[in-house]
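>>> structure for the following, please:
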Amino acid sequence: MQGVYIVFAAICVLAGCSGPTDQSTAPASSPAPALDTGEVNLDVWLERLEVGSRELYSAREAVVAAVRISEGDVVADIGAGTGLYTLLFADAVGSTGLVFAEDIEPLFLDLINRRVDDLGFDNVTSVLGRNNHISLPKESVDIVFIADTYHYFNDREEIMRSVYAALKPGGALIIIDYNIAPGEQRPEHKSHVLFGKAGVISEVEFIGFEIAGEISVEGLDDNYFLRFLKP
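Residues are numbered from 1 along each chain as shown. Predicted coordinates for the structure are as follows:
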């Protein structure tokens with residue numbers, strides 16, 4: 001889940017090149033600013049990165065319910081950031097389930113590990129992703145969750161192919177992201193989002209996913225919630 005801290009472009013990013021559709025609108029690759037590896041004020045990070053994300057924080061319980069997690073599921077939180085949803089998923093899957101917290105930024109994975117230890121969860125595994133791959137085993141995951149992250153992918157095709165490979169047959173892919181209507185004058189907080197829902201659906205279906213529908217989630221107004229299935 002992406003926030004509004006000074007490390008803005010590093011949060012929940014997997015990076016890469018262009019996707020399979022609308023190459024002219026693919027976001028240009030830009031280096032993420034370096035993270036401060038000195039002493040971290042945990043309270044400040046959590047305030048800025050979670051509460052500062054507005055809808056995804058305030059609607060978190062409704063979002064988790066809409067994901068439809070069952071006890072024992074294996075869930076991958078791609079671009080896990082501070083671990084807000086990772087921890088909620090860990091509670092939902094129970095002791096027989098597993099959550100992969102995936103991110104390309106080691107500092108965030110360290111933060112998640114600290115939070116997991118503090119809360120006593122033993123069903124979370126941190127995964128350091130690559131620029132064009134989520135680094136998860138083939139057909140190992142029941143649900144892949146990508147929130148406020150897809151629009152940062154530059155090599156979207158390669159990343160989504162790795163998502164497709166990691167999902168079990170019949171597994172679900174959830175994408176939550178800013179909605180940009182055709183011709184919309186983007187407000188400043190959406191200025192980095194260069195394509196909207198229709199483009200995302202087209203790209204994800206190109207990989208082989210089937211759209212299972214858009215779900216209305218109470219509390220999500222600026223964001224859409226899409227559910228896809230792997231045949």
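
>>> which helix or which strand is home to the residue sitting nearest the centre point of the chain?
Centroid-nearest residue in the chain: residue 146, 2.7 Å away (criterion: Cα atoms, centre = their mean). Following DSSP states H and E, one finds residue 146 within strand 141-147.

>>> wait, doesn't the residue nearest to the centre of the chain sit right on residue 78?
Yes. Applying Cβ atoms under 8 Å as the test, residue 146 and residue 78 come out as touching, 4.7 Å apart. For glycine as for every other residue, the C-beta is placed from the backbone atoms N, C-alpha and C.

>>> return the strand holding residue 146 as CSV; C-alpha atoms alone will do.
Output in CSV follows, covering the C-alpha atoms of strand 141-147 (Å, rounded to 0.1, in the frame of the first residue of the first chain):
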residue,chain,number,x,y,z
VAL,A,141,-0.7,-18.8,-3.9
ASP,A,142,-4.5,-18.7,-3.6
ILE,A,143,-4.8,-14.9,-3.7
VAL,A,144,-2.6,-12.2,-5.0
PHE,A,145,-3.4,-8.7,-3.7
ILE,A,146,-2.0,-5.6,-5.4
ALA,A,147,-3.2,-2.3,-3.9
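
>>> what residues does that strand touch?
Here strand 141-147 makes contact (Cβ atoms under 8 Å, 6 or more residues apart in numbering) with 1, 12, 56, 63, 67-70, 73-79, 85, 89, 100, 163, 166-168, 171-177.

>>> need the phi and psi values for residue 173.
Backbone geometry at residue 173, expressed as degrees, to the nearest 10, gives phi -120, psi 130.

>>> contacting residues around the helix or strand harbouring residue 99?
In this structure, residue 99 sits in strand 98-103 according to DSSP H and E. Residues outside strand 98-103 that contact it (Cβ under 8 Å, 6+ apart): 12, 74-81, 83, 86, 89-90, 93, 109, 112, 123-129, 134-136, 141.

>>> just the buried members of those residues?
Among those, the ones that count as buried by 16 or more other Cβ atoms under 10 Å are 12, 74-81, 83, 86, 89-90, 93, 109, 112, 123-124, 126-127, 129, 134, 136, 141.

>>> just to revisit the earlier point, which SSE is immediately downstream of the strand holding residue 146?
helix 156-166.

>>> for the record, mean pLDDT for the strand holding residue 146?
In this model, strand 141-147 carries a mean pLDDT of 98.

>>> quick check: angle from it to strand 98-103?
On the basis of axes from the mean of the first three to the mean of the last three Cα atoms, to 10 degrees, strand 141-147 is oriented at 40 degrees to strand 98-103.

>>> tell me the angle of strand 141-147 relative to helix 156-166?
Put simply, strand 141-147 runs at 150 degrees to helix 156-166, going by the same axes, to 10 degrees.
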